[in-house]
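# Return atomic coordinates for the entry below.
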Amino acid sequence: MPLAVRRLLLDFTLSACLLPLALLALAGCAGKKAANVSGSVTLDGKPIQAGMVVFTGADNKETSGPILDGKYTVFNAPLGQAKVSLKNTTMPIPTGSGGDPNDVFKQSLTVSAVPPLAQIPLKYEDPNNGLTCEVKPGPQTFDVHLTP
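From the prediction side, this is the model:
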């Protein structure tokens with residue numbers, strides 16, 4: 001068989017094998033059913049220092065992200081209408097053997113937990129609190145403004 005014919009057959013065979021794989025890869029990208037949501041969380045206009053933002057999809061699957069200094073990001077939030085709830089958390093703080101929490105260079109460093117900061121009113125811990133977000137494909141911003 002001439003070299004040109006063999007090369008043509010090889011090219012055709014590779015194309016026939018790679019085309020379905022490429023189509024599967026594109027279908028996988030198009031079928032993504034989650035997005036990243038970022039924003040701020042405030043209570044009476046003041047940033048919430050720590051906590052957790054939870055997105056609950058129609059299937060009741062939860063995705064969450066930490067609140068740090070009034071900002072949060074939830075990765076892979078479910079697309080569509082999601083219930084938004086917030087939770088208070090405890091924050092670990094370093095303490096040295098001398099009891100000075102500012103001296104993190106002491107050799108006998110331990111970590112203790114402080115009580116919840118309780119900045120988030122308890123009514124927002126319930127997923128049925130009335131906060132919702134329409135999560136759309138791609139990164140988006142959703143700011144949460146709480147009242148006592």
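# contact partners of stretch 65-81?
Around stretch 65-81, the neighbours that count as contacts under Cβ atoms under 8 Å, 6 or more residues apart in numbering are 33-42, 47-55, 57-59, 61, 63-64, 86, 89, 132-137. All C-beta spots, glycine's among them, are computed from the backbone N, C-alpha and C.
# again, but for stretch 36-44
Contacts of stretch 36-44 (Cβ under 8 Å, 6+ apart): 47-48, 51, 53, 55, 67, 70-77, 86, 119-121, 133, 135, 139-148.
# Give me the subset of those lying in strands.
Within the contacts of stretch 36-44, residues falling in strands by DSSP state E are 47, 51, 53, 55, 67, 71-77, 86, 133, 135, 140-141, 144-146.
# hang on, Val84 in a strand?
Yes - per DSSP: H, G, I helix; E, B strand; the rest coil, Val84 lies within a strand segment.
# one step back: give me the buried entries from the contacts of stretch 65-81.
Using 16 or more other Cβ atoms under 10 Å as the burial test, the contacts of stretch 65-81 include 34-35, 37-42, 48, 50-55, 57, 63-64, 86, 133, 135 as buried.
# do you know how far Gln140 is from Val37?
As judged by Cβ to Cβ, to the nearest Å, Gln140 and Val37 stand 6 Å apart.
# Name the strands paired with the lengthiest strand in the chain and say parallel or antiparallel.
If you go by DSSP E, the chain has its longest strand at strand 34-43. Strand 34-43 has the following sheet partners, assigned by DSSP bridges: strand 46-47 (antiparallel), strand 71-78 (antiparallel), strand 140-141 (parallel), strand 144-146 (parallel).
# Going by neighbour count, list what's buried in the second one.
Applying a neighbour-count criterion of 16+ other Cβ under 10 Å, the buried positions in strand 71-78 are Tyr72, Val74, Asn76, Ala77, Pro78.
# who's the fourth one bridged to?
When bridges are assigned using DSSP bridges, the partners listed for Ala77 are Ala35.
# any idea how far Gln49 is from it?
Distance from Ala77 to Gln49, by Cβ to Cβ: 22 Å.
# again, but for the first one
Tyr72 sits 12 Å away from Gln49, taking Cβ to Cβ as the criterion.
# for Asn128, same thing?
From Asn128 to Gln49 the distance is 25 Å (Cβ to Cβ).
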